[in-house]
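Novice: What shape does this take:
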Amino acid sequence: MNYPVWYVPTFGGGLLIALVAIVHVFVSHFAVGGGLYLVMAERKAIREQDQSIMAFVKKHTKFFLLLTMVFGGLTGVAIWFIISLIHPAATSLLIHTFVFGWAAEWVFFLVEIVALFVYFYTFGRMDDRTHQAIGWVYFGAAWMSLFLINGIIDFMLTPGTWLANHDFWAGFFNPTFWPSLFFRSFMSFMLAGCYGFLTATFLEDDQARHKMIRYSGIWALISLALSVPTGWWYISVLPDKARGLVGGASPTIARAATVAAFSLAALAAVVITLILLNPKKARTKVMTVIVMIAAMGYMGSFEWTREAARRPYVINEVMYSNGILQKDVERINQEGFLKNAKWVQNKEVTDANQLEAGRELFLHQCFACHTVGGFNNDIIGRTKNMNYGAMQKYLATIHEKRYFMPPFVGNEIEMKALAAYLTAGLNKKPLTDDAAAGNRGKGLFEVNCAACHGAEILKPEIAGWSKEKIRTALDKLPALNPAMPDYSAPVADKDAVADYLHSLNNPGSTASAKELGATLFEDNCVPCHGFDVLKPKVSGWSKTKIRTALDKLSALNPAMPDYAGSATEKDALADYIVKQAGGAK
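Specialist: All right, here's what the predicted structure looks like:
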């Protein structure tokens, strides 16, 4: 809220960061593991006195230098550029918290650059022992860069005791530091083997090509196998809520986990094939392409999961993904968001600027994760099934319904402005709270369910389901899909939603007794007494007694007018009251 928003509605900031970061990580981890691969491959050539292997190492070193130092350097700068535009507040906090760490990392990166250039340009001009020592210097500096970056990145997910003392070392050696360091190290060695396939595939000498493909395959396979338990270790030390998201509560992570599983299986299968068999050169090239795609899928899924597991924060328990500090939420709720935001034109909401103020609230609180008609988390599609009234209710409890979404921060007038922008501004719906006129179940569905899946999506999924089956499902939604939260609502609300969902495929069932009874009670009884007042008075009454009473309300209490509804309506109302009161049917 202290920085302007870089507005790219089609792509969104989160997707841009992910695209740049995954590409950079795929190269930067190779820059670490590839250093050790070069030294060990050179040692193999010296030990076996094989000039074809030594020629391969020199060729691979040139490829390694160009990819990691030129392309890797450019993507590294791109990451700083993109995060500074998308998450300036978080970037500033990380810089100020870990100044010493960043400075040390840049020193090691300088050592990497010098050592790698010396290593490449002194092939054949320096004795083997000294030349390998230069290679070890490069690998040591590269791994120390990983060591330092790892501490800072994992701080964002698990700040640990830093939250209490703000100590540099407490934040750096956070709960996920060691499992992440081992996992990333094995991933970097795995990638070194995968990249080894690329240059080995193009060797003209069939014997040398097969020898180095097998050598690279053993690197990749052993490292891949070791990455699995360390990845499990990493997950085991996550905070409970983050572990819940990784376990399936987040649809984004669920998709990433699926990609990771298929990528891991494909990668292992192809690498084993390359190790055991000696495919022809053309087939080897095809298989190498599959290896690289699978490796990126595996590595990219991890990075995507790590990013998503922080939600609703960009720095866990410190700063929400929209840049709002957790400690400021209560104050801003009292004072108003727009009043505290530095880069907005509308400092307060009026009838004249409601939609424009709502748009600015969207940009500062929602756009960090949502696009507008774009490729990722399109806000228009996510809100199309909700009207103005349902949207207000959803925003009021958004963090409770979907933990991975930040709470709305601001006063009630600002919440209405945002609801107005999302419904009237983006979806061109009227600013009226008539979501469920005559259909209470539909209104409850729109408030609690439509943000993730509209009725038209759900309808074919529940075709053929009985009303009882739907009602039972509402009591155990996470068991059906871990991404769905529990629907913690009164029994009558669940009954109404079940009636509505059943009516989607059975139009004749829309006027069920339970739904009709709830609607009739709200229309005819609530203006004088809510159910909290009525319940103790009718507790223990049978349905017959309640139904009889509805025929002579004025006799029970002269202040109550007779209920002039039909017999069917009285039956439905009696059903609803007895169920809510817990009486005998």
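Novice: pretty sure residue 193 is touching residue 213, no?
Specialist: No: if you go by CB atoms under 8 Å, residue 193 and residue 213 don't touch, sitting 9.8 Å apart. Heads up, the C-betas are built off the backbone N, CA and C, glycines and all.
Novice: What is the burial count for residue 145?
Specialist: As a burial measure, residue 145 scores 21 neighbours (other CB atoms under 10 Å).
Novice: Contacts only, for it.
Specialist: 32, 105, 108, 109, 112 (CB atoms under 8 Å, 6 or more residues apart in numbering).
Novice: From residue 168, how far out is it?
Specialist: Counting by CB to CB, to the nearest Å, the separation of residue 145 from residue 168 is 18 Å.
Novice: now the stretch 301-450 of the chain, which segments are flagged as low pLDDT?
Specialist: 433-439 (pLDDT under 70).
Novice: Quick one: the helices in it, in order.
Specialist: For the stretch 301-450 of the chain, helices defined by DSSP state H, counting those that start in this stretch occupy the ranges 329-335, 337-340, 354-365, 379-383, 388-396, 398-401, 412-420, 426-427, 440-448.
Novice: Quick one: closest of the ones you listed to residue 251.
Specialist: helix 379-383 (11.6 Å; CB to CB).
Novice: Run a quick neighbour tally on residue 471.
Specialist: Counted with other CB under 10 Å, the neighbours of residue 471 add up to 19.
Novice: Look up the pLDDT of residue 284 for me, please.
Specialist: The model reports residue 284 with a pLDDT of 87.
Novice: next one: residue 165
Specialist: So residue 165 comes in at 94 (pLDDT).
Novice: one step back: which neighbours do residue 193 and residue 213 have in common?
Specialist: What both residue 193 and residue 213 touch, as defined by CB under 8 Å, 6+ apart, is an empty set.
Novice: Can you tell me which of the helices of the stretch 301-450 of the chain is packed in deepest?
Specialist: helix 440-448 (a mean of 24; mean count of other CB atoms under 10 Å).
Novice: how close does the closest residue in space to residue 31 that isn't next to it in sequence sit to residue 22?
Specialist: Nearest residue to residue 31 in three dimensions, chain neighbours excluded: residue 68, at 3.9 Å (CB to CB, 6 or more residues apart in numbering). Going from residue 68 to residue 22 by CB to CB gives 16 Å.
Novice: Neighbour count: these two, which is higher?
Specialist: Applying other CB under 10 Å to residue 68 and residue 22 shows that residue 68 carries more neighbours, namely 24 against 19.
Novice: doesn't residue 34 make contact with the more buried one?
Specialist: Yes: judged on CB under 8 Å, residue 68 makes contact with residue 34 at a distance of 6.9 Å.
Novice: longest helix of this structure?
Specialist: Counting by DSSP state H, the longest helix found in the chain is helix 13-48.
Novice: tell me what that helix is packed against?
Specialist: helix 51-65, helix 72-86, helix 99-121, helix 128-157, helix 177-201, helix 206-236, helix 281-308 (3 or more CB pairs under 8 Å, 6 or more residues apart in numbering; DSSP states H and E).
Novice: how about the helices of the stretch 301-450 of the chain in a markdown table, adding distance to residue 572?
Specialist: Formatted as a markdown table, those follow (distance: least, CB to CB, whole Å):
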| stretch | distance to residue 572 |
| --- | --- |
| helix 329-335 | 41 |
| helix 337-340 | 44 |
| helix 354-365 | 39 |
| helix 379-383 | 33 |
| helix 388-396 | 24 |
| helix 398-401 | 29 |
| helix 412-420 | 32 |
| helix 426-427 | 33 |
| helix 440-448 | 12 |
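Novice: To residue 155, which of those lies closest?
Specialist: helix 329-335 (21.3 Å).
Novice: one step back: what's the angle from the longest helix of the chain to helix 128-157?
Specialist: 160 degrees (axes from the mean of the first three to the mean of the last three CA atoms, to 10 degrees).
Novice: Domain-wise, how is the chain divided?
Specialist: Following automatic domain parsing, the chain resolves into domains at 13-320, 324-435, 452-510, 513-581.
Novice: tell me the contacts of the residue positioned nearest the centre of the chain?
Specialist: Closest residue to the average C-alpha location of the chain: residue 308 at 3.1 Å, with CA atoms, centre = their mean. Contacts here follow CB under 8 Å, 6+ apart; on that basis residue 308 touches 245, 250, 252, 253, 256, 404.
Novice: Which of the residues you listed fall within helices?
Specialist: Going by DSSP H, the helices hold 252, 253, 256 from the contacts of residue 308.
Novice: okay if I get those as CSV plus neighbour count?
Specialist: Below are the ones in helices among the contacts of residue 308 laid out as CSV (neighbours: other CB atoms under 10 Å):
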residue, neighbour count
252, 20
253, 27
256, 23
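Novice: May I ask which of those comes out lowest in pLDDT?
Specialist: Ranked by pLDDT, the ones in helices among the contacts of residue 308 bottom out at residue 252 (81).
Novice: quick one on the thing from earlier: by neighbours, which of the contacts of residue 145 wins?
Specialist: Ranked by neighbours (other CB under 10 Å), the contacts of residue 145 are led by residue 32, which has 28 neighbours.
Novice: So that residue versus residue 338, what's the distance?
Specialist: 46 Å.
Novice: in stretch 292-303, what's buried?
Specialist: Residues 292, 294, 295, 296, 297, 298, 299, 300, 301, 302, 303 are the ones in stretch 292-303 that count as buried (16 or more other CB atoms under 10 Å).
Novice: how about TSV for those residues, with distance to residue 274 added?
Specialist: Formatted as TSV, the buried residues of stretch 292-303 follow (distance: CB to CB, whole Å):
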residue	distance to residue 274
292	12
294	12
295	13
296	17
297	18
298	16
299	19
300	22
301	22
302	23
303	25
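Novice: Tell me how many other residues surround residue 571.
Specialist: Counted with other CB under 10 Å, residues neighbouring residue 571 total 17.
Novice: I meant residue 431, not that one.
Specialist: Counted with other CB under 10 Å, residue 431 comes out at 15.
Novice: residues in contact with it?
Specialist: Residue 431 sits in contact with 388, 420, 423, 424, where contact means CB under 8 Å, 6+ apart.
Novice: which of these lies closest to residue 497?
Specialist: Among the contacts of residue 431, and counting by CB to CB, the member closest to residue 497 is residue 388, at 20.1 Å.
Novice: if I look at the closest one, how far off is residue 394?
Specialist: 11 Å.
Novice: Am I right that residue 290 is in contact with residue 268?
Specialist: No: counting by CB under 8 Å, residue 290 stays clear of residue 268, with 11.6 Å between them.
Novice: Looking at the buried residues of stretch 292-303, which is nearest residue 457?
Specialist: Of all the buried residues of stretch 292-303, residue 457 sits closest to residue 301, with 25.3 Å by CB to CB.
Novice: Just give the closest residue to that closest one, not the sequence neighbours.
Specialist: residue 260 (3.6 Å).
Novice: count of neighbours near that neighbour?
Specialist: Quick note: residue 260 (other CB under 10 Å) scores 20 neighbours.
Novice: What are the neighbouring residues in contact with it?
Specialist: 297, 298, 301, 302, 305.
Novice: run the last query once more with 7 Å
Specialist: By CB atoms under 7 Å, 6 or more residues apart in numbering, the residues touching residue 260 are 298, 301, 302.
Novice: Distance to residue 408 added to the residues you listed, as CSV?
Specialist: CSV is the format used below for the contacts of residue 260 (distance: CB to CB, whole Å):
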residue, distance to residue 408
298, 36
301, 31
302, 31
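Novice: Please identify which of those residues is nearest to residue 469.
Specialist: For those, the nearest to residue 469 is residue 301 (34.5 Å; CB to CB).
Novice: Tell me the spacing between the closest one and residue 168.
Specialist: According to CB to CB, residue 301 stands 31 Å off from residue 168.
Novice: quick one: low-confidence parts of the chain?
Specialist: 433-439, 507-515, 519, 522-524, 526-533, 557-561, 583-585.
Novice: thinking again about what came up before, include distance to residue 334 when you put the contacts of residue 145 into JSON lines, please.
Specialist: Below are the contacts of residue 145 laid out as JSON lines (distance: CB to CB, whole Å):
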{"residue": "32", "distance to residue 334": "48"}
{"residue": "105", "distance to residue 334": "41"}
{"residue": "108", "distance to residue 334": "46"}
{"residue": "109", "distance to residue 334": "46"}
{"residue": "112", "distance to residue 334": "50"}
